[in-house]
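Chemist: What shape does this take:
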Amino acid sequence: MKDPINRAGLGHRFWERKALSAMSDQEWEALCDGCGKCCLNKLEDEDSGEVALTRVACRLLDDDTCRCAQYDIRHQFVPDCIVLKPGNLDTHAYWMPQTCAYRLLWLGKPLPDWHPLISGTPQSVHDAGISVRGTTLSEFDVPEDEWEEHIIEEPT
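Modeler: This next block holds a predicted model:
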């Protein structure tokens, strides 16, 4: 499987030596493991602030590749899609998936062995059962008042 993220020429284990705010655009993008979970619709408990992922995906998520089908122009279709950056991670990390590299590094935790930067292959996230490949439902097919019926448990 060809990696859709350019990870060529990056420094060895750069994420262990560089602050998130000091990373180049290529290094930042390379942190994405390609799981697709950030594109799942989430439910937040008003009282506890706890966030639950649902298997109901953004209309632009390609369920087979776990990638946004229109990444470069996604805001034309989904204006409120978040552009995650080092400067806004503190306000968005709480709803990011438990296994997300951005969240893990922000919390000072290591990347898991299945992460493509460690395994050397983008397939490892799927082989480890972390990605949402083949498990999502389109937000067009599930009314919002039924999302709670599609909450998924996350590995920690």
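
Chemist: quick one: contacts for the residue of the chain most remote from its centre?
Modeler: In the chain, the residue that sits farthest from the middle, by Cα atoms, centre = their mean, is residue 47; the gap is 25.0 Å. With contacts taken as Cβ atoms under 8 Å, 6 or more residues apart in numbering, residue 47 has no neighbouring residues. Backbone N, C-alpha and C define where each C-beta goes, glycine included.

Chemist: measure it to residue 75 for me?
Modeler: 32 Å (Cβ to Cβ, to the nearest Å).

Chemist: okay, the biggest strand by length in the chain in CSV with CA atoms only?
Modeler: Criterion DSSP state E: the longest strand present in the chain is strand 51-57. Extracted in CSV, the C-alpha atoms of strand 51-57 (Å, rounded to 0.1, in the frame of the first residue of the first chain):
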residue,chain,number,x,y,z
VAL,A,51,-16.7,12.7,24.2
ALA,A,52,-17.8,9.5,22.5
LEU,A,53,-17.0,8.6,19.0
THR,A,54,-19.8,7.2,16.7
ARG,A,55,-19.4,5.1,13.6
VAL,A,56,-21.3,7.9,11.8
ALA,A,57,-18.7,9.5,9.5
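
Chemist: Neighbouring strands of that strand in the sheet, and parallel or not?
Modeler: When pairs are called by DSSP bridges, strand 51-57 turns out to pair with strand 40-44 (antiparallel), strand 137-138 (parallel), strand 151-152 (antiparallel).

Chemist: circling back to that earlier point, how far away is the residue farthest from the centre of the chain from residue 118?
Modeler: According to Cβ to Cβ, residue 47 and residue 118 sit 38 Å apart.

Chemist: What of residue 71?
Modeler: 23 Å.

Chemist: Between the two, point out the one with more neighbours.
Modeler: Ranked by neighbour count (other Cβ atoms under 10 Å), residue 71 and residue 118 place residue 118 first, with 15 against 11.

Chemist: residues in contact with the more buried one?
Modeler: Counting by Cβ under 8 Å, 6+ apart, residue 118 has contacts 111-112.

Chemist: Use 22 as the first number for this chain going forward.
Modeler: Sounds good: first residue 22 from here, last item residue 139.

Chemist: So it, which state does it fall into?
Modeler: Under DSSP: H, G, I helix; E, B strand; the rest coil, the three-state class of residue 139 is helix.

Chemist: where's it relative to residue 118, distance?
Modeler: In terms of Cβ to Cβ, residue 139 sits 17 Å off from residue 118.
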